[in-house]
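J.: Let me see the structure of the following:
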Amino acid sequence: MKKILLLFISCALLPSCCTLFTSSDQSITFAGPEGTKIYDTYTNIKIAEIGESKMVTVRIKKKVESKTLIAKKEGYRPSPLLLESTFNPTTLWNILFWPGFIVDFGTQKISKWDNTYINIDLEKDPRSTQQL
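T.: Model prediction:
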C-alpha cells in the first residue's frame, strides 16, 4: 500500500521532461523581401513582417500537427509556407516517468518545429504589372 501511495504522489508532483526542459514556443526565422507579411492561414492573423534587415525572427507556439502560414506582399503572389511538426526527442526521458507522455502530449511539447529557418521566395503577380 505504501508503494502505491508513493507512486501516486510522485506521479502527481513530478512534471514531465519536456515541461521542464523545453519551452511551449519556438523561434522561427523568416528571410525574404522587405515588407513581406506572414499570416497564420487558420486565424488570418499577421504573425510577422520582414523589415529592412530582410529577416525577422518570431516565436510560434508548438503544435502536434504541422502549421500552414502564408507570405504576402503587394505586387507578388501569396506564397504558402509549411511549418512541419516533428517528434521532440526530449520526450524520451518520459520512459523513466511514463505519465509524463500524457502531460507532454496535452501541452503539445511532445513535438517541435522541424524547420526553424524559412527562406521566402515570392513570385511577381503578372496582373499587378499590367495595371501599372
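
J.: so what's residue 72 up against?
T.: 36-37, 39, 78-79 (CB atoms under 8 Å, 6 or more residues apart in numbering). All C-beta atoms are positioned from the backbone trio N, CA, C, and that covers glycine.

J.: run the last query once more with 10 Å
T.: 35-39, 46, 49, 78-79, 122 (CB atoms under 10 Å, 6 or more residues apart in numbering).

J.: Let's verify residue 33: helix, strand, or coil?
T.: Here residue 33 is coil, with the state taken from DSSP: H, G, I helix; E, B strand; the rest coil.

J.: List the contacts of it.
T.: Contacts of residue 33 by CB under 10 Å, 6+ apart are 50, 54, 71, 73, 75-76, 120-122.

J.: from the residues you listed, which two are the most distant?
T.: Using CB to CB, these span at most 16.6 Å, a distance reached by 54 and 75.

J.: what helix or strand is residue 60 on?
T.: strand 55-61 (DSSP states H and E).

J.: residues of that strand that come out buried?
T.: Across strand 55-61, burial judged by 16 or more other CB atoms under 10 Å covers 56, 60.

J.: what's the answer for stretch 62-80, then?
T.: 62, 67, 69, 71-73, 76, 79.

J.: okay if I get these as a markdown table plus secondary structure and pLDDT?
T.: Formatted as a markdown table, these follow (DSSP: H, G, I helix; E, B strand; the rest coil; pLDDT from 0 to 100):
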| residue | secondary structure | pLDDT |
| --- | --- | --- |
| 62 | coil | 85 |
| 67 | strand | 91 |
| 69 | strand | 95 |
| 71 | strand | 95 |
| 72 | strand | 95 |
| 73 | coil | 94 |
| 76 | strand | 93 |
| 79 | strand | 93 |
